[in-house]
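>>> Here you go, sequence then predicted model.
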Amino acid sequence: MAIRTLRTVTLLTLVSLFPGGKRTRHRITWTPNDDGSVRQFWESTDDNGARSVAVDGRHTRRKASP
């Protein structure tokens, strides 16, 4: 597992190992947006090179409770 912050983007890479030796590589990035929200983009790649997007979402802060 590796975590790197590149300027304003945080990148996490990791590998899941499964029985039989199969692997899935994960690449997750968090990028701040101008409105204060954060975009999370998570993609996975299997041993055959097939890619899939697990998450492409936007996180916002909750408003404070009164």
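Noted; the coordinates are in hand. Numbering: from 1, shown residues only.
>>> What strand or helix carries D35?
D35 is part of no helix or strand, with elements assigned from DSSP states H and E.
>>> Going forward, count from 872.
In the new numbering, first residue 872, that becomes D906.
>>> What mean pLDDT does stretch 897-905 get?
For stretch 897-905, the mean pLDDT works out to 91.
>>> For that stretch, give me every contacting residue.
Stretch 897-905 is contacted from outside by 879-887, 909-916, 925-926, 929, using CB atoms under 8 Å, 6 or more residues apart in numbering. The way it works is simple: take the backbone N, C-alpha and C, and place the C-beta from them, glycine included.
>>> so what's the residue nearest to D917 when sequence neighbours are not counted bridging to?
Closest residue to D917 apart from its sequence neighbours, by CB to CB, 6 or more residues apart in numbering: T895 at 5.4 Å. On the basis of DSSP bridges, T895 is bridged to S887, D917.
>>> what's the answer for L882, then?
R875, T900.
>>> W913 versus that one, what's the distance?
According to CB to CB, to the nearest Å, L882 and W913 sit 11 Å apart.
>>> Show me the shaky parts of the chain.
872-879 (pLDDT under 70).
>>> Tell me the spacing between the spatially most central residue of the chain and D906.
When CA atoms, centre = their mean is applied to the chain, the residue found nearest the centroid is I899 (1.9 Å). In this structure, I899 and D906 are 21 Å apart, going by CB to CB.
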